[in-house]
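# Quick one, structure for this:
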Amino acid sequence: MTNGVGKKIKKVRELKNISLEELAERTDLDTEQIVNIEEMELAPSLGPLIKIARGLGVRLGTFLDDQENLGPVVTKSNQKIKGMSFSNGVSEARAHLDFFTLASGKTGRHMEPFIVDIEPSINSDYKLSSHEGEEFIYVLEGEVEINYGKQVYNIKEGDSIYYDSIVAHNVHAGSDKAAKILAVIYTPL
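A predicted model of the protein is given here:
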């Protein structure tokens with residue numbers, strides 16, 4: 001999280017005069033976990049980040065944006081804007097998903113479009129997470145495996161999947177090779 005997501009979370013929390021304990025209660029997260037995220041010691045999974053955004057009453061993009069634009073936002077192919085890296089939510093886990101935001105400057109958006117580079121993992125003990133909203137994934141390169149509830153979906157280049165994020169899920173490389181996806185995440189306010 002080299003882009004200051006933790007600092008933005010802390011700034012919003014302090015501006016809204018919300019204590020760590022109150023945010024923990026609103027999000028059903030551990031106070032220590034929130035401190036670790038704010039101090040950038042922990043790369044959160046998407047689920048806790050969405051819970052924090054909701055607990056603070058802001059869009060997920062609030063933590064990812066650098067600027068705001070009322071009109072359309074165009075991201076050229078040579079403008080890969082790094083968003084953040086996500087792990088599977090376990091503090092000792094390494095980040096295996098690198099998100100590149102495609103609409104960081106759009107004000108008031110309800111969808112978060114990303115290009116996501118997925119590193120292959122040597123472990124198969126994937127931790128599932130859930131959050132409110134919906135996700136759409138289109139595989140640009142490679143193969144992706146998605147654990148969704150008790151089911152497993154293997155999607156390859158050119159395939160897509162659309163699902164409710166409230167069901168516990170995990171997205172990871174489907175082989176020993178890296179993959180690249182277009183992911184659009186919708187989270188209600």
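# so what pLDDT did the nearest residue to residue 120 once chain neighbours are set aside get?
Using C-beta to C-beta, 6 or more residues apart in numbering and skipping residues adjacent in sequence, the residue nearest residue 120 is residue 173, 4.3 Å away. Just so you know, the C-beta spots here come from the backbone N, C-alpha and C atoms, and that holds for glycine as well. pLDDT for residue 173: 93.
# same deal with residue 15?
For residue 15, pLDDT reads 85.
# Quick check: it vs residue 138, distance?
Residue 15 sits 36 Å away from residue 138 when distances are taken as C-beta to C-beta, to the nearest Å.
# before we move on, what about residue 105?
From residue 105 to residue 138 the distance is 22 Å (C-beta to C-beta).
# what's the answer for residue 10, then?
On the measure of C-beta to C-beta, residue 10 and residue 138 end up 34 Å apart.
# Quick check, central residue of this protein?
residue 46 (3.6 Å; C-alpha atoms, centre = their mean).
# pLDDT below threshold where in the protein?
1-3, 41-43, 64-77, 79-95, 107-108, 124-125, 189 (pLDDT under 70).
# domain ranges for it?
Using automatic domain parsing, the domain parsing of the chain gives 5-63, 81-186.
# what's the straight distance from one end of the shortest one to the other?
Same thing as domain 5-63. For domain 5-63, the separation between the terminal residues is 5 Å (C-alpha to C-alpha, to the nearest Å).
# Quick one: distance of it to the chain centre.
13 Å (C-alpha atoms, centre = their mean, to the nearest Å).
# again with the last one
Its chain's C-alpha centre lies 8 Å from the corresponding centre of domain 81-186 when counted by C-alpha atoms, centre = their mean.
# tell me the phi and psi of residue 62?
The phi and psi values for residue 62, taken as degrees, to the nearest 10, are phi -60, psi -40.
# The residue nearest to the centre of the chain contacts residue 132, doesn't it?
No: in this structure residue 46 lies outside contact range of residue 132 using C-beta atoms under 8 Å: 11.1 Å.
# Report the contact partners of residue 179.
117, 118, 139, 141, 142, 143, 144, 173 (C-beta atoms under 8 Å, 6 or more residues apart in numbering).
# Give me the distance between it and residue 115.
From residue 179 to residue 115 the distance is 11 Å (C-beta to C-beta).
# Can you report how many residues neighbour the closest residue to residue 165 other than its chain neighbours?
Once flanking residues are discounted, residue 165 sits nearest to residue 133: 4.6 Å by C-beta to C-beta, 6+ apart. Using other C-beta atoms under 10 Å, residue 133 has 19 neighbouring residues.
# just residue 27 next, same as before
Other residues close to residue 27 by other C-beta under 10 Å number 20.
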